[in-house]
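Chemist: Here is a sequence with its predicted model. Questions after.
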Amino acid sequence: MALTFRGGVHPDDKKELTRKKAFETIPAPATVVIPMLMHIGQPCQPLVAKGNKVKLGQKIGESTAPISAPIHSSVSGTVVAVEPRLHPNGNMVMSVVIENDFNDTLDESVRPHGSVESLSADELIRIIREAGIVGLGGAAFPTHAKIQSGLGKVDTLIINCAECEPYITSGHRTMLERPEEIIGGIRVLMKIYRLDSAIIAIESNKLDAVRVLEKALPQKSSQIKIKVLKTKYPQGAEKQLIYTVTGREVPPGQLPAAVGCAVFNQDTCAAIHNAVTTGMPLVTRGVTVSGSAIANPKNIICRIGTPLSELAAAAGGYREEPFKLIMGGPMMGVALTDVEIPVIKNTNAFLAFSQYEDVYSEHPTCIRCGRCVKVCPMNLLPIYMHMYYQKDMFDELEKLNVSDCIECGCCSYTCPGRLFLTQTFRVAKARLRKRALESKKEAN
Amino acid sequence: MAMDKQLQVSSSPHIDIAEDTRSLMLDVIIALTPALLLSVFYFGFRALILTLISVASCIAFEFLYRRLMKKHTTIGDLSAVVTGILIAFNLPASAPYWMVVVGAFFAIVIVKQLYGGLGKNFMNPALAARAFLLSWPTTMSTWPKVFEKVPLIGQTADVVTAATPLAALKSGTLPDNTLMELLLGQHGGTLGETSAIVLLIGGVYLVLRKVISPRIPLFYIGTVAVVTFIFPRGGVNNLQWMLYNVLSGGLILGAVFMATDYVTSPVTKGGRALFGIGCGLITVFIRYFGSYPEGVSFSILIMNACAWVLDKAFRPRRYGVSSRGKKVGA
């Protein structure tokens, strides 16, 4: 039987638009805007002020909070502003704006750290932290914090090469073009966790990447195994991936380490490898630029902080006037209000749609077909959760475990009555969190 | 590039499937068409006219009610068309035309719209209409003989009638019909319940198109098969008794097209299984012990009332927690 999980959907993956397009590195822009929040956790404090000279790879943001990741300059030049700017999340976030001097003068801190063998696990974790590495698959959880929380508990290291979101091929291209970097990163993680094996999990729609990675693995190495998974969305969701690969289910509200697993994205592995071997922090990333409004969809490597408008221009501009802009994939990505928003650490795709790619209904009507129940990979009952939400019955919603919802979008995607299911649960979860906080306050 | 137009901003997901309520209902209509054509072949054009009047009345009542109540029009979702076809399918071909209009009014206005319209009713509208129309018992149990064309207009009281196979089963004997006649639908019965084969083809189409899950029909028909096989009546051979019970009456029509009605059946896997089993048990119970020969409509209506309870009882196991409340894996 094919390796897979319960539930899920099969959207048209639209990956053929860009899967054969090799990464194209675009020149650094004249100005980069680097938000002090590009990860889950506490934002960084700027370490530079207006007028300061900065170098490529220089640390410009730092935080003492445990769940945070430092931020580096992606160009050399002059800080022209430290001010709140529009962030992909829709809020104004403190950002460092740097005018590029186009010299790419390297910061003194950027130098090779030596071979993996010569470094201790603690040193490696410190290197990963100092390089500002976060989960590059989309969630952007600080990688050093993820590693530390799982030390001593993890027996299975999984590399998430599922890339199940439609349109996105940036991870696929990393696998094809930089397999040694991914494998190098895996070796670093194996050393840190003291594991002698790892599993690379790839969806069956990327068999060319399987061949490339197999070739890049040392002959007769049985340490790093490749598992081919059935192509189904959301195979790349952490809990679903862990179940598919190991048969273990992560209990509600817990981290993968609770079932002895640690999951890292292929681009995160490559970034780890580069941080160790070259000392270069996370200042560039691969982005798939695609969608019906993009003239020439392609994969682009750009500096973090590059405005999305430059990516669109590099992809031949707009074929038609864009109707909707999305950072990330169409199932979980964020719709943007402005095209000058910068690329951040977890920007794996930038999509421009020329029209509705979903069908809007003025009168969403549930016909109780039960498809949402069938596709929910978290075994939830979206139909009843939606009903209780509409009736404001939050105790009932809590009983149906709405907080387990991973917001993958399968229920809304599959609903023939066009109900706003995922959207509703996102709000319901936030309201339940708020309610829990308030009742906590009252108790004190 | 300057944006002339405001960008559309909404919460993910940003794509969805092409299917909607209308396309699903259209598939159900397609699946019902072979049975309709066969009924015209057996009973003449009156079967078609009866069905068309039923469909037209359902659409008209739905449109008028929503217009009068100042609600948005819903006839485009085609659910009223499906109800219309199913009401006609539940009547003998000799039923007077006014009767389907009364049935359509009861189904659309009383059962469906008064509860809030599509998705809100708790009983299958077509079956509730049939139950209501049993207020005219003679008309509702006069079964025209196949190939004896029912006149298009005028009195239908003097049509050549036939007993349904169910009447024989009721008295504990096998009907005169051969099993092949039952498969092809050459026996007395309602307009739509004639041929088991044609109805099953429609069911397979719906399953292949993923419009319905086969769970309810399989459990329903399976339960009837098992119970009648174990408990034959009148000393009849187990297998024969079972086959006649499965192929007679409205079982296939009910199991494939009525018990699978989205709105009035459970959405959980276990709920659907028990829904089917419940329908099967009540059907056999009524056929064996009731005063009425057929139990399909009533069994489905009774189980309709249990749909929500069944969903509550068969909630899927919480992810990461075993059915006994323990952690899974590790």
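Modeler: Here it is on my side, so go on.

Chemist: Check the burial of the closest residue to chain B within the stretch 51-200 of chain A by counting its neighbours.
Modeler: Residue nearest to chain B within the stretch 51-200 of chain A: A:P166 (6.9 Å; C-beta to the nearest C-beta). Backbone N, C-alpha and C define where each C-beta goes, glycine included. The number of residues packed near A:P166 is 21, by other C-beta atoms under 10 Å in any protein chain shown.

Chemist: hang on, it packs against A:H10?
Modeler: No - assessed by C-beta atoms under 8 Å, A:P166 is found out of contact with A:H10, at 10.1 Å.

Chemist: Next, the contact list for the residue most central in space within chain B, please.
Modeler: In chain B, the residue lying closest to the centroid (C-alpha atoms, centre = their mean) is B:M258, at 2.1 Å. Applying C-beta atoms under 8 Å, 6 or more residues apart in numbering or on different chains, one finds that B:M258 lies in contact with B:L86, B:N124, B:A126, B:L127, B:V296, B:S297, B:I300.

Chemist: State the distance from A:M393 to chain B.
Modeler: 14 Å (C-beta to the nearest C-beta, to the nearest Å).

Chemist: which residues sit in contact with that residue?
Modeler: Contacts of A:M393 by C-beta under 8 Å, 6+ apart: none found.

Chemist: B:G203 too?
Modeler: Counting by C-beta under 8 Å, 6+ apart, B:G203 makes contact with B:A31, B:I212, B:P214, B:P217, B:I252, B:V256, B:F257.

Chemist: and what of A:Y384?
Modeler: Counting by C-beta under 8 Å, 6+ apart, A:Y384 has contacts A:L400, B:D311.

Chemist: before we move on, which element is it in?
Modeler: Element membership for A:Y384 (DSSP states H and E) is helix A:382-390.

Chemist: which residues are in contact with whichever helix or strand comes after that helix?
Modeler: Proceeding N to C from helix A:382-390, the next assigned helix or strand is helix A:394-399, under DSSP H and E. Contacts to helix A:394-399, defined as C-beta under 8 Å, 6+ apart, come from residues A:M385, A:Y388, A:Y389, A:A428, A:R431, A:L432, A:R435.

Chemist: What residues does the stretch 151-300 of chain B have near chain A?
Modeler: B:S213, B:Y262, B:V263, B:T264, B:S265, B:P266, B:V267, B:T268 (C-beta under 8 Å from any C-beta of the partner chain).

Chemist: Out of the residues you listed, list just those in helices.
Modeler: Residues of these located in helices (DSSP state H): none.

Chemist: quick one: which of those sit in strands?
Modeler: Judged by DSSP state E, those include no members of strands.

Chemist: Among those residues, which one lies nearest to A:G51?
Modeler: Closest approach to A:G51 among those (C-beta to C-beta): B:V267, at 62.5 Å.

Chemist: who are the neighbours in contact with A:I98?
Modeler: By C-beta under 8 Å, 6+ apart, the contact set of A:I98 is A:T31, A:V32, A:I34, A:V54, A:S73, A:V75, A:G77, A:T78, A:V79, A:V80, A:G305.

Chemist: and with 10 Å instead?
Modeler: A:30-34, A:48, A:52-54, A:58, A:60, A:73-82, A:303, A:305 (C-beta atoms under 10 Å, 6 or more residues apart in numbering or on different chains).

Chemist: picking that back up, quick check: phi and psi at the residue nearest to the centre of chain B.
Modeler: phi -110, psi -40 (degrees, to the nearest 10).

Chemist: one step back: of the contacts of helix A:394-399, which is the most crowded?
Modeler: Most neighbours among those, by other C-beta under 10 Å: A:M385, with 24 neighbours.

Chemist: I'd guessed that residue sits against A:R426; true?
Modeler: No - using C-beta atoms under 10 Å, A:M385 is not in contact with A:R426; the gap is 11.6 Å.

Chemist: Where does A:A201 sit, in terms of helix or strand?
Modeler: Assigned by DSSP H and E, A:A201 falls in strand A:198-203.

Chemist: one step back: same list, the residues of the stretch 151-300 of chain B next to chain A, but as a markdown table with neighbour count and pLDDT please.
Modeler: What follows is those, written out as a markdown table (neighbours: other C-beta atoms under 10 Å in any protein chain shown; pLDDT from 0 to 100):
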| residue | neighbour count | pLDDT |
| --- | --- | --- |
| B:S213 | 19 | 95 |
| B:Y262 | 23 | 96 |
| B:V263 | 22 | 96 |
| B:T264 | 25 | 97 |
| B:S265 | 29 | 97 |
| B:P266 | 28 | 97 |
| B:V267 | 24 | 97 |
| B:T268 | 23 | 96 |
